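A.B. asks: Take a look and give me a structure for this.
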Amino acid sequence: MDRSDEIREFLISRRAKISPEQAGVPLYGKLRRVPGLRREEVAQLAGVSPDYYTRLERGSIRGASDAVLEAVAPALQLDEAERAHLMDLARTANAPSRRTQRRPPQQRVRPGVLRLLDGMTAAVAIVQNGRSDVLASNLLGRALYGPVFNFAGMVPRPRPGRGHVL
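C.D. replies: Here you go, the predicted model:
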């Protein structure tokens, strides 16, 4: 079951368990299309907008604050176990996804570019990425920028040929 489906099912089932009389909500006629409380009634009891509670009930709990969830819990008359379950659902929904935890790919210099650096003996040459990190240099680039490399604690890895990969 998808996490948003689980959130939706949980909130709908808890809302259906509470009658308007139990919640202290005035009845305006006997005709009700839903068992239990309406979304608007839960939102009013929790002190949030009906649109916001509807969004929560549809499974969009990501970004909901603990204060909002703590206001929804008594409105739905949740016991301690149900309250803890709601908080766990929100915590897992707000946890960073694996996609955001991924490290950026390691930047490598293509062999053809390294051969080109080796061939450049009369000019200083360095290869940088988009963040201006130095990825490789030829011998003259290493000699010219050596103090900068040493200051940053970068140790070149010798490779076949003349240049160094950092």
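A.B. asks: which residues in the chain form strands?
C.D. replies: 126-128, 134-137, 157-158, 164-165 (DSSP state E).
A.B. asks: what's near enough to touch residue 81?
C.D. replies: Listed by CB atoms under 8 Å, 6 or more residues apart in numbering, residue 81 has no contact partners. All C-beta atoms are positioned from the backbone trio N, CA, C, and that covers glycine.
A.B. asks: what's the answer for the one 4 residues further on, then?
C.D. replies: Contacts here follow CB under 8 Å, 6+ apart; on that basis residue 85 touches residue 10.
A.B. asks: Distance of the residue of the chain most remote from its centre relative to residue 138?
C.D. replies: Here the chain reaches farthest from its C-alpha mean at residue 122, the gap being 48.7 Å by CA atoms, centre = their mean. As defined by CB to CB, to the nearest Å, residue 122 lies at a distance of 10 Å from residue 138.
A.B. asks: And residue 9, by the same measure?
C.D. replies: According to CB to CB, residue 9 stands 63 Å off from residue 138.
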